[in-house]
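Undergrad: With the sequence up front, the predicted model follows.
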Amino acid sequence: MTNDRSQGRHRRAKKDSVANNSSTITGNRALQIEEPLIFEQGAKGRTGVDLPAPTDESTAALGGLERDKPIGLPGLSEPEVVRHYTRLSRNNYAIDIGFYPLGSCTMKHNPRLNERLSRLPGLADIHPLQPESTVQGGLALIEQVSNWLKILTGFPAVAMSPAAGAQGELCGLMTIRTHLMARGDPRTVVLVPDSAHGTNPATAAMCGYQIESVPSNQRGRVDLNALQARLGPDIAALMLTNPNTCGLFEEEIIEIAAAVHDSGALFYCDGANFNALVGKVRPADLGIDIMHLNLHKTFSTPHGGGGPGAGPVVMTNELAPYAPLPWLLREGETLLLIEHPERQAKTSFGRMRAWHGQMGMFVRALAYMLSHGGDGLRQVAEDAVLNANYLRVGLEGKYTMPYSGLCMHEVLCDDEFIKDTDITTLDIAKTLIDEGYHPMTIYFPLIAHGAMLIEPTETESRQTLDQFIKVLRAIADQISSGDSKRFHRAPLHAPRRRLDETRAARQPNLRWKESTPTSSPRK
Amino acid sequence: MRYLPHTAEDRRAMMTDIGIGSIEELFKDVPNEARLDRPLELPNHADELSVERHITGLAAQNVTAGAVPCFIGGGAYRHHVPAAVDALIQRGEFLTSYTPYQPEISQGTLQALFEFQTQVSLITGMEVANGSMYDGSTACAEAVLMAGRVTKRQRAVLSGGLNPLYCDVVETLAQFTGLEIEKSRPNAPTRGHHDTLALEARVNNDTACVVVQFPDFFGVIRDFTALSARCHEQGTLLIVVVTEPVALGALKAPGDMGADIVVGEGQSLGVGLNFGGPYVGLFATKEKYLRQMPGRVAGETLDSDGKRGWVLTLNAREQHIRREKATSNICTNSGLCALAFSIHLSLLGETGFARLAALNHSTARSLAEKLAGLQGIEVLNGAYFNEFTVRLSRESAPVIEELAQKKILAGVPLSRLYPDRKDFKDLALMTATETTTDSDIQALLQALSESVL
Amino acid sequence: MVNIRYTTEHEWIRLEQSSGEIVGAGIVGITDYAQQQLGDIVFVELPTLGAVLSQGDEAAVIESVKAASELYSPVGGEVVAVNENLTEQPALVNTDPAGSGWFVKIRLSDTNELNGLMDEASYRAFVDDLD
């Protein structure tokens, strides 16, 4: 059971009504336009795509299963569709608009060169089932991304197919489990620190493991003694994030790795926070056996409102025989794919998804790595950590932090400094929205009460950080002056005020229906 | 370095404020032996032009599908994507935002997801849909896992008509969950043959689900109404997989044949080939199962001023709350690809979607009829949408390789997907879409008649 | 005399008082403290009638907006009734956790298991200690 202090705020906010939008006929506020659902627009028979008439309307070859009733899709012209989505886009916050310090998400600038290159027809318009002889450039691109990732992490092998970070985790654990089975060692338990992201236990469960939690010590790191006490012949692996979700480097990681290996277990690292280390530290040198990388974090492929991502998994030679299909092999000048458990890949644990990987993300990641080079990537890690510590020092004295001292790429605050007020972490987040910022990650990690996890990334300037520090300090001052009203009402200036999540979850309405009661301005 | 704002002076001033003398002090928690004291064997940073030259050079080594006659399908299809789709998804507000955790400033993404869910529900004929999965194959595996949760049974039956890569993915992702996966033997299409009868016989009261594909991997279209009745009699869920969603513009919706879960690959609409990824998985089901449905969903609600708005909902099922008891470990969806799918379908609308489907089917008929007229080639399908199986007079893989050397991407040799099936060696899948021209077909016929005869 | 027992997981069980044959059955719910901790309950998943549970087994799933939790059976036995009203009105758990927000009725297989549970006074002291 979690104690979430954000509960109940909604009802309080409901009582005060806002005067700043009551005066227009339309409900619009200048550039802020209320946009109905696409299903509430258009006209029957209208379309935004011109297509030639089919030469032949016969349905004789459809096996008697031709559609016999309308689908119910609305008809809109291209200008209507363009306007609809342009208006929707304006209701979103984005990195392109402003500072987005969402901890553990690494919201760095997305270079537009990468977008352009990912759309080159020679890369975007090739079919995954084309003969290998016609896609040697595509396979070479995957090979080059693999090589960069191997050099940056110090591992000899990489599985490129996982579709996202969570699938990378599953890839890692399946590789471990298959390896353990191959050596006749059926272990049953995976250890996960109490500060871990929820995907870690969820992934371990999908892999058929029982999950046990390892406590953190007073300094926000894994408690090595507790870990050692629990390690034994039933432990298959330790899953650890490093730097961890508190933004701290696991300083005893070499000892942790040794203890894990001494017990016969494997060491999985969640590479979500690799941005703090890229070019500075090779995870293989820390004693890690296998680790996923989020290309959409460290290597700046765009988040796109929640995906697509890409989660390649780097690993040791010991684990490589069990890596998922397909495998990419070089024979002299020629690259080839092994798509079935045959030849060298007989020992593979299987296939995690159709086709070869998130090619569109590989193109962007390669452009990112080539642009930065080895020198620039090292600078990325240094500046990311510098920026986080600059924020940390800037907030000291006004905000409370559960762990003192240096942080890595993100800084963790708790709600100790507001514990005697009626303001919550959620209120501060919503107030930041009114100030033109995307809030930090809140209420995660769970081990800090009322957590605020702030990750600036390396692409933010000193001026941006100074301004953010100024705003956060002013917010703390407003709270200590007892002025709580704006915090409970926030956000006042966003496209929507606080939304009723209880209503949404109690009577889920996940799609438009003809009969849905609607407050659409056009109806 | 163009993406990094700090000057040397900025860094010095910031270090002073932090109270450190060197950047290395920030990394003092890293054990000495693990700190790199030398540059990695990687090139130094490069300007835009150099990077563009390098990657353009790689692109030039490929045969671009759109630049030559292309008849390859098999689960990924080449369609024309209207220009507006790419222009809109490149808006920074969509491209550079994260998962909508703060709904007040994410209404654009959330409303678009709600519209996507509605579109997916409508074309599949189902009651609810989620906000997308990684791709069709992982959506299929998640559907099988969900059927296990709903029925609390441990046996899943896969049709031989299911894309063999999807079979592999289901087997791989289910291998440690206790589910037993039973695969039906794939058969080449024969006119009048109904593989659904064999499937019906496999359904009993310990079957969690039966998975079929519509149209199936060999291009065959089958009615699943009787199979669904048999499934429901036994408390078994019927999962229907659609890898070519354009077909749903011409065919009866799987929901109308009694499907309990419909999953699909949405790549055909808006996304493009991309050498296999990123794509977008579709997932739709009945309302009574929605709390067992994996993945993110947007739901309608009101804000504190009473205005309609959207939030991510049913979060309690997700890994950040339920941890090891979550419905799935999936954290992201395929947001931007789902948006592209949705914009393309919005542009098409009811009439455009139906016409696109009709155009695909008529082009495929034209191709099939002309191929059937060639000596040494037999079209095996009775029913098909835009893809069918042919038998050549000799092994298909070398024929297809020969045609590739002539810059014709003639189809998929089935030996690539079924290396162990000697009886499939002469078979190939061929696809035609609205992008296929008469001259493409002529070029294929010409080259085939040279290779096959 | 009301015969209620509590668990450290914040479940309560109210034992039937009649001298008839259903002695040894009890109604189970979550405490007011638990519903406050969870916040607005949005969904409850109940066990099937006739299910046989051991003490400490997961008997129901409770979802609030931002949390998910389990109701663990305070005693072993057979599920003889479930509160179907919660399916449509999960908010009853918030508004009346000790009454109309009950979850299941269980026929005890071993009344000795009650000995390990807390009475009202001990539970109150236990909760006071938590804050």
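TA: It's in.

Undergrad: where does chain C dip in pLDDT?
TA: Along chain C, segments meeting pLDDT under 70 span C:1-2, C:17-23, C:131.

Undergrad: how far away is residue C:122 from chain B?
TA: Residue C:122 is 30 Å from chain B, where distance means C-beta to the nearest C-beta, to the nearest Å. C-betas here are computed from N, CA, C, even on glycine.

Undergrad: how far away is residue C:94 from residue C:130?
TA: For residue C:94, the distance to residue C:130 (C-beta to C-beta, to the nearest Å) stands at 19 Å.

Undergrad: And for residue A:247?
TA: In terms of C-beta to C-beta, residue A:247 sits 29 Å off from residue C:130.

Undergrad: One more: residue A:148?
TA: Taking C-beta to C-beta, one finds residue A:148 at 51 Å from residue C:130.

Undergrad: more neighbours, those two?
TA: residue A:148 (21 against 10; other C-beta atoms under 10 Å in any protein chain shown).

Undergrad: For that one, which non-adjacent residue is spatially closest?
TA: Distance criterion C-beta to C-beta, 6 or more residues apart in numbering or on different chains; nearest residue to residue A:148, sequence neighbours excluded, is residue A:369 at 4.8 Å.

Undergrad: does that neighbour sit in a helix or strand, and which one?
TA: Using DSSP states H and E, residue A:369 sits within helix A:359-395.

Undergrad: Would you mark the buried spots in that helix?
TA: For helix A:359-395, the neighbour count (16 or more other C-beta atoms under 10 Å in any protein chain shown) marks A:359-395 as buried.

Undergrad: Quick one: residues contacting residue A:186.
TA: For residue A:186, the contact set (C-beta atoms under 8 Å, 6 or more residues apart in numbering or on different chains) comprises residue A:180.

Undergrad: I'd say the residue nearest to residue A:148 and residue A:146 touch.
TA: No: contact criterion C-beta atoms under 8 Å: residue A:369 and residue A:146 do not qualify, at 11.4 Å.

Undergrad: what about the residue most central in space within chain A, which SS state?
TA: When C-alpha atoms, centre = their mean is applied to chain A, the residue found nearest the centroid is residue A:105 (5.3 Å). Classification of residue A:105 by DSSP: H, G, I helix; E, B strand; the rest coil places it in coil.

Undergrad: How much space separates it from chain B?
TA: 6 Å.

Undergrad: Any idea how many residues pack against the closest residue to that residue other than its chain neighbours?
TA: Distances taken as C-beta to C-beta, 6+ apart place residue B:98 nearest to residue A:105, at 5.6 Å, with adjacent residues excluded. For residue B:98, the count of nearby residues is 27 (other C-beta under 10 Å).

Undergrad: okay, residue B:98: pLDDT?
TA: For residue B:98, the model assigns a pLDDT of 94.

Undergrad: same deal with residue A:520?
TA: 45.

Undergrad: In terms of pLDDT, where does residue B:333 sit?
TA: 85.

Undergrad: what's the nearest residue to it once chain neighbours are set aside in contact with, if anything?
TA: If the residues on either side of it in the chain are set aside, residue B:333 comes closest to residue B:132, at 4.2 Å by C-beta to C-beta, 6+ apart. By C-beta under 8 Å, 6+ apart, the contact list for residue B:132 reads A:307, B:116, B:266, B:280-283, B:295-296, B:333-335, B:337-338, B:341.

Undergrad: Quick check: the gap between residue B:132 and residue B:294.
TA: Remark: distance between residue B:132 and residue B:294 (C-beta to C-beta) = 11 Å.

Undergrad: tell me, what's touching the two both at once?
TA: Common neighbours of residue B:132 and residue B:294 (criterion: C-beta under 8 Å, 6+ apart): residue B:283.

Undergrad: about what we covered before: what's the residue nearest to residue A:105 in contact with, if anything?
TA: Taking C-beta under 8 Å, 6+ apart as the criterion, residue B:98 is in contact with A:100, A:102, A:105, A:107, A:303, A:305, A:306.

Undergrad: Tell me where the chain has strands.
TA: Just so you know, I chose chain A. A:157-159, A:189-193, A:210-214, A:235-241, A:266-271, A:290-293, A:313-315, A:327-331, A:334-338, A:411-413, A:441-442, A:452-454 (DSSP state E).

Undergrad: not quite, I wanted chain C
TA: Using DSSP E, strands in chain C cover C:4-6, C:11-15, C:25-30, C:41-45, C:52-53, C:58-64, C:68-72, C:77-82, C:104-108.

Undergrad: Can you add mean neighbour count and distance to chain A and give these back as TSV?
TA: Formatted as TSV, those follow (neighbours: other C-beta atoms under 10 Å in any protein chain shown; distance: least, C-beta to the nearest C-beta, whole Å):
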stretch	mean neighbour count	distance to chain A
strand C:4-6	21	15
strand C:11-15	21	12
strand C:25-30	24	10
strand C:41-45	22	4
strand C:52-53	16	20
strand C:58-64	22	7
strand C:68-72	21	5
strand C:77-82	19	19
strand C:104-108	22	19
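
Undergrad: Can I get these in JSON lines including distance to residue B:428?
TA: Listed next are those as JSON lines, based on distance: least, C-beta to C-beta, whole Å:
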{"stretch": "strand C:4-6", "distance to residue B:428": "70"}
{"stretch": "strand C:11-15", "distance to residue B:428": "63"}
{"stretch": "strand C:25-30", "distance to residue B:428": "62"}
{"stretch": "strand C:41-45", "distance to residue B:428": "49"}
{"stretch": "strand C:52-53", "distance to residue B:428": "56"}
{"stretch": "strand C:58-64", "distance to residue B:428": "50"}
{"stretch": "strand C:68-72", "distance to residue B:428": "50"}
{"stretch": "strand C:77-82", "distance to residue B:428": "56"}
{"stretch": "strand C:104-108", "distance to residue B:428": "59"}
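
Undergrad: Tell me how many other residues surround residue A:27.
TA: Residue A:27 has 14 nearby residues by other C-beta under 10 Å.

Undergrad: Distance check, it against residue A:34.
TA: Distance from residue A:27 to residue A:34, by C-beta to C-beta: 5 Å.

Undergrad: just residue A:500 next, same as before
TA: From residue A:500 to residue A:34 the distance is 18 Å (C-beta to C-beta).

Undergrad: do the same with residue B:289
TA: Per C-beta to C-beta, residue B:289 is found 34 Å from residue A:34.

Undergrad: Find the closest residue to chain C in chain B.
TA: Residue of chain B nearest chain C, by C-beta to the nearest C-beta: residue B:316 (3.8 Å).
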